[in-house]
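**Q** What shape does this take:
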Amino acid sequence: MAYKIILVTVCCMSLIGLIFRLVSIVRLGRVFERDRTSLVRRIFSCRIFFLDYGNAIVNTLFQARLFRAGKLRWLAHTLMLSGFAWLVFIHALDDWTGAYWDWYQPGIAPFRMMRNLAGAMVLAGCAAFLARRLKGSRINRERLRRGLRFRVRGTLSILVILGLICTGFMTEALNIMSEAQFNEMVEEYSGLAGEPELVHLKAYWALNYDVAFADGIPGQGIDLDEGEVFNQENCLECHTRPVTAFVSAPLARLGAPIGLWTAQFRLDRILYWVHLSLALTLVLFLPFSRMFHLLAIPLASLQRRMTPEKVQPDMGVLDLAGLSACTHCGFCSQVCSVYPDYQVSENPQVLPHVKIETLKRLAGIGVWDPATLIRLRSGNDDCTRCGLCADICPSGIDLVRLWTAAGRLMDRLGCPDNYTTAMDASFSRWMGKGESDFITVPGVPRGAAADAGPLSGLISDADAFEHCVQCTLCTNTCPVAAHDLVENDLGPHQVMNLLRLGEQDMASGSRMVWHCLTCYACQEICPQSIRVADILLELRCRGQSRAAELNLARLRGGDQ
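**A** Next up is the predicted model:
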């Protein structure tokens with residue numbers, strides 16, 4: 001009875017937390033201009049309800065998008081979700097769900113076996129996730145190689161689930177070999193008063209049910225056939241042999257040498273309460289943990305994918321439900337077409353999953369730190385809106401819409417984009433001449449807007465470009481130059497010449513550097529094998545850093 005009261009109380013608190021989380025999403029969303037088609041109207045419109053919402057639920061339960069993104073990760077997720085759902089339905093809530101089976105008893109073979117199978121599935125899924133965390137993705141390894149800290153999110157929830165399943169197996173193993181449990185069941189459910197029937201039953205259970213009795217098994221006067229008869233009459237309806245518990249039963253046999261010690265201190269009771277506490281902790285913190293994405297993914301999947309033809313002038317700035325649906329899996333960053341920009345600039349805000357985390361944090365606290373905002377703007381402006389991240393996102397988040405919305409949000413916050421700053425800056429200001437007002441801005445040293453680390457070094461290595469013979473093949477094959485050479489002011493060969501003259505800052509402010517498509521046509525055709533496209537990319541990252549410095553000064557009042 002106490003367990004039911006505690007469970008109902010925790011569930012009510014979790015429901016309150018869930019309502020608070022959803023209200024917070026709506027409240028934060030109202031801070032920004034919203035799409036005139038409300039989320040509620042989209043959910044309950046017939047077309048959305050019967051088509052899109054159904055697809056969203058299917059994606060949540062079966063993770064079809066995750067299957068396309070990564071088969072092993074889908075398998076781990078499916079094992080965890082299906083196994084945990086079964087444990088909740090038929091184990092944690094067995095007082096209610098057990099009524100659907102007249103013959104349900106937690107100690108009989110089918111349910112013991114299925115409970116162990118579900119627990120083993122969850123364990124396998126947890127092990128797969130932890131192995132992936134320890135091994136690290138390509139992005140994690142790159143950041144660690146550069147000495148940058150990578151925050152591992154969601155591991156705590158996995159560890160709590162792992163502890164829940166392990167304590168569950170250990171509790172069942174201790175119950176199997178517990179003499180105290182045997183005595184309690186005999187006293188409450190059987191009509192056996194004592195000798196000699198109880199002695200025969202004890203011997204039968206010690207040999208067949210792995211119970212560890214303090215006085216051992218008597219060697220004489222034991223009739224196992226009688227014990228089997230007593231077992232069939234009094235116990236078999238609720239307790240079959242634990243051999244089907246293929247995880248707990250071996251644990252019980254391994255723990256037999258310490259069975260008397262565990263029974264003396266009632267370790268089974270202690271582990272039971274630890275197990276129960278972990279389960280209630282998961283329920284209580286569900287709205288505020290990584291597991292909330294199970295509820296947010298259907299909402300995120302309701303959003304129609306944005307296309308260039310369907311950009312709405314009054315679109316919502318931030319989709320908070322979509323942000324909450326992010327599982328931080330990193331698939332989006334692994335396929336990001338501007339990942340080379342991150343390798344050069346080392347600005348983590350280039351990576352899609354990092355941008356999502358930053359947007360969630362800034363929207364949650366409601367304070368937009370200028371330095372963070374500038375780094376976010378730099379990373380978001382690098383995005384080409386190619387849609388690869390949205391195509392692979394297992395949660396179905398419309399990331400292209402999110403990046404476009406984030407750009408408009410930063411426009412309204414007065415954070416200028418780096419391209420506009422670079423194109424509008426005067427030559428003297430871009431080159432850092434006569435800008436004492438900028439340099440003396442308190443707390444804004446030169447380079448403060450750059451995230452961390454040096455550039456890759458091509459533009460400072462004379463061997464990378466000094467062999468340019470100015471043949472103009474790179475310029476002749478460049479699609480940007482072919483489109484409008486006058487507007488782009490320089491060709492790639494002229495940029496190489498500026499580098500030979502030591503004018504790196506001047507080259508980083510040229511329109512060719514900022515308009516480069518990174519198509520690598522110039523690099524592929526160069527007869528001197530000069531890494532023209534890589535050099536232009538590094539120059540643009542240098543220009544991004546310089547423009548970010550100017551923008552940060554402007555946001556903090558340094559632009560006179």
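
**Q** my guess is residue 289 meets residue 158, correct?
**A** No - checked against CB atoms under 8 Å, the pair residue 289 and residue 158 is beyond contact range at 10.5 Å. Glycine gets a C-beta too; all of them are placed from N, C-alpha and C.

**Q** Going by how many neighbours each has, rank the two and give me the top one.
**A** More neighbours surround residue 158 than the other of residue 289 and residue 158, with 18 against 15 (other CB atoms under 10 Å).

**Q** which stretch of helix or strand covers the more buried one?
**A** helix 155-177 (DSSP states H and E).

**Q** Any idea how many residues pack against the closest residue to residue 547 other than its chain neighbours?
**A** In space, and not counting its chain neighbours, residue 547 is closest to residue 418: 3.7 Å by CB to CB, 6 or more residues apart in numbering. Residue 418 has 25 neighbouring residues, counting by other CB under 10 Å.

**Q** can you check residue 269 too?
**A** 15.

**Q** next one: the one 10 residues further on
**A** Here the count is done by other CB under 10 Å, and residue 279 has 21 residues near it.

**Q** For it, give its distance to residue 199.
**A** Using CB to CB, to the nearest Å, residue 279 is found at 38 Å from residue 199.

**Q** Equivalent analysis for residue 296, please.
**A** 59 Å.

**Q** neighbour-wise, which of these two wins?
**A** Under the criterion of other CB under 10 Å, the comparison of residue 296 against residue 199 puts residue 296 first, with 23 against 19.

**Q** what's near enough to touch the more buried one?
**A** The neighbourhood of residue 296, defined by CB atoms under 8 Å, 6 or more residues apart in numbering, consists of 321, 322, 324, 325, 395.

**Q** Make sure residue 205 is actually in contact with residue 211.
**A** Yes - when contacts are counted by CB under 8 Å, residue 205 is listed as touching residue 211 (4.7 Å).

**Q** which neighbours do those two share?
**A** With CB under 8 Å, 6+ apart as the test, residue 205 and residue 211 both reach residue 182.

**Q** where in the stretch 1-150 of the chain is pLDDT low?
**A** Within the stretch 1-150 of the chain, the ranges that satisfy pLDDT under 70 run 1, 3, 25-61, 99, 134-150.

**Q** now for the contacts of residue 296, which pair is the farthest apart?
**A** 321 and 395 (10.3 Å; CB to CB).

**Q** which of those two has more neighbours?
**A** When residue 321 is set against residue 395 and neighbours are counted by other CB under 10 Å, the residue ahead is residue 395, at 25 against 22.

**Q** three-state assignment of that one?
**A** coil (DSSP: H, G, I helix; E, B strand; the rest coil).

**Q** Name the next helix or strand downstream of the lowest-mean-pLDDT helix or strand in the chain, please.
**A** Sorting the helices and strands of the chain by mean pLDDT, DSSP states H and E puts helix 436-439 at the bottom, at a mean of 36. Note on helix 436-439: by DSSP H and E, the next helix or strand toward the C-terminus is helix 473-477.

**Q** could you give me the average pLDDT of that following helix?
**A** Mean pLDDT, computed over helix 473-477, is 92.

**Q** One more: stretch 333-346?
**A** Mean predicted lDDT for stretch 333-346 stands at 83.

**Q** ok, now how distant is the nearest residue to residue 289 once chain neighbours are set aside from residue 294?
**A** Here the nearest residue to residue 289 in space, its sequence neighbours aside, is residue 157; by CB to CB, 6+ apart that works out to 5.1 Å. For residue 157, the distance to residue 294 equals 11 Å [CB to CB].

**Q** Residue 19 now?
**A** On the measure of CB to CB, residue 19 and residue 294 end up 16 Å apart.

**Q** Show me which of these two is the more surrounded one.
**A** The neighbour comparison of residue 19 against residue 294 (other CB under 10 Å) goes to residue 294, with 14 against 11.

**Q** Tell me how far that one lies from residue 111.
**A** For residue 294, the distance to residue 111 - CB to CB - is 25 Å.

**Q** Same check on residue 470?
**A** For residue 470 relative to residue 111 (CB to CB), the value is 80 Å.

**Q** Likewise for residue 7?
**A** 20 Å.

**Q** More neighbours: the two, which one.
**A** Taking neighbours as other CB under 10 Å, residue 7 and residue 111 compare with residue 111 leading, 21 against 17.

**Q** tell me which residues in the stretch of helix or strand residue 493 belongs to are buried?
**A** Here residue 493, judged by DSSP H and E, is contained in helix 492-500. For helix 492-500, a neighbour-count test (16 or more other CB atoms under 10 Å) marks 492, 493, 494, 495, 496, 497, 498, 499 as buried.

**Q** Go ahead and name everything in contact with that helix.
**A** Contacts of helix 492-500 (CB under 8 Å, 6+ apart): 459, 462, 465-466, 468, 470-472, 474-475, 478, 481, 490, 504, 506-507, 510, 512-513, 522, 530, 532, 535-536, 539.

**Q** Mind checking what helix or strand follows it in sequence?
**A** Immediately after helix 492-500, counting by DSSP H and E, sits helix 504-508.

**Q** Just the CA coordinates for that following helix, please, in CSV.
**A** Below are the C-alpha coordinates for helix 504-508, written out as CSV (Å, rounded to 0.1, in the frame of the first residue of the first chain):
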residue,chain,number,x,y,z
GLN,A,504,46.7,38.3,-45.2
ASP,A,505,44.2,40.7,-43.6
MET,A,506,43.6,42.5,-46.9
ALA,A,507,43.0,39.1,-48.6
SER,A,508,40.6,38.0,-45.8
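
**Q** packing partners for it?
**A** helix 492-500, helix 532-555 (3 or more CB pairs under 8 Å, 6 or more residues apart in numbering; DSSP states H and E).

**Q** Low-confidence bits of the stretch 251-400 of the chain, can you list those?
**A** Those would be 298-321, 364-367, if you go by pLDDT under 70 across the stretch 251-400 of the chain.

**Q** Do a quick rundown of the helices in it.
**A** 259-264, 267-284, 293-301, 320-325, 331-334, 339-345, 352-365, 370-382, 388-392, 399-412 (DSSP state H, counting those that start in this stretch).

**Q** can those helices go into JSON lines with extra columns for distance to residue 75?
**A** As requested, the helices of the stretch 251-400 of the chain are arranged in JSON lines below (distance: least, CB to CB, whole Å):
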{"stretch": "helix 259-264", "distance to residue 75": "36"}
{"stretch": "helix 267-284", "distance to residue 75": "22"}
{"stretch": "helix 293-301", "distance to residue 75": "17"}
{"stretch": "helix 320-325", "distance to residue 75": "21"}
{"stretch": "helix 331-334", "distance to residue 75": "15"}
{"stretch": "helix 339-345", "distance to residue 75": "26"}
{"stretch": "helix 352-365", "distance to residue 75": "21"}
{"stretch": "helix 370-382", "distance to residue 75": "32"}
{"stretch": "helix 388-392", "distance to residue 75": "17"}
{"stretch": "helix 399-412", "distance to residue 75": "24"}
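
**Q** If anything else comes up later, I'll come back, but that's it for now.
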